[in-house]
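K.L.:
Output the structure for:
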Amino acid sequence: MNNLYLSIFTLKKKLYEGQVRQVNVPSKDGDIGILAHHTPLIAALKPGEILIKTNEKKEKISIEGGFLEVKQNSQAVILAT
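P.N.:
A predicted model of the protein is given here:
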């Protein structure tokens, strides 16, 4: 299965960086699931939990909001508050 490279940052620190199988985010328009080769996308995020799935585990990160950008080269960047 293809992986997606995910980076999650706040103004103060890096929260996560690495290869993931899937990431689910709470967007203002509803929850979004992102896999490798997802269509490029920019979305505003609402308070909630980011769910990160790798081949080995699942991890949750709570956020107060922010923005998601999915790039064409199977890369996603989240700027979180």
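K.L.:
count of neighbours near Val25?
P.N.:
Look at Val25: counted by other Cβ atoms under 10 Å, it has 26 neighbours. Any C-beta I mention is one placed from the backbone N, CA and C, and that applies to glycine too.
K.L.:
Run through the residues that contact it.
P.N.:
Residues near Val25 by Cβ atoms under 8 Å, 6 or more residues apart in numbering: 31-32, 34, 43, 45, 48, 50, 68, 78.
K.L.:
same question, Glu56
P.N.:
Residues in contact with Glu56 (Cβ under 8 Å, 6+ apart): none are found.
K.L.:
State the distance from it to Ile50.
P.N.:
The gap separating Glu56 from Ile50 is 17 Å, by Cβ to Cβ, to the nearest Å.
K.L.:
Low-confidence ranges, the protein, go.
P.N.:
Counting by pLDDT under 70, the ranges of the chain that qualify are 1.
K.L.:
can we see that at 90?
P.N.:
1-2, 55-56, 72-74 (pLDDT under 90).
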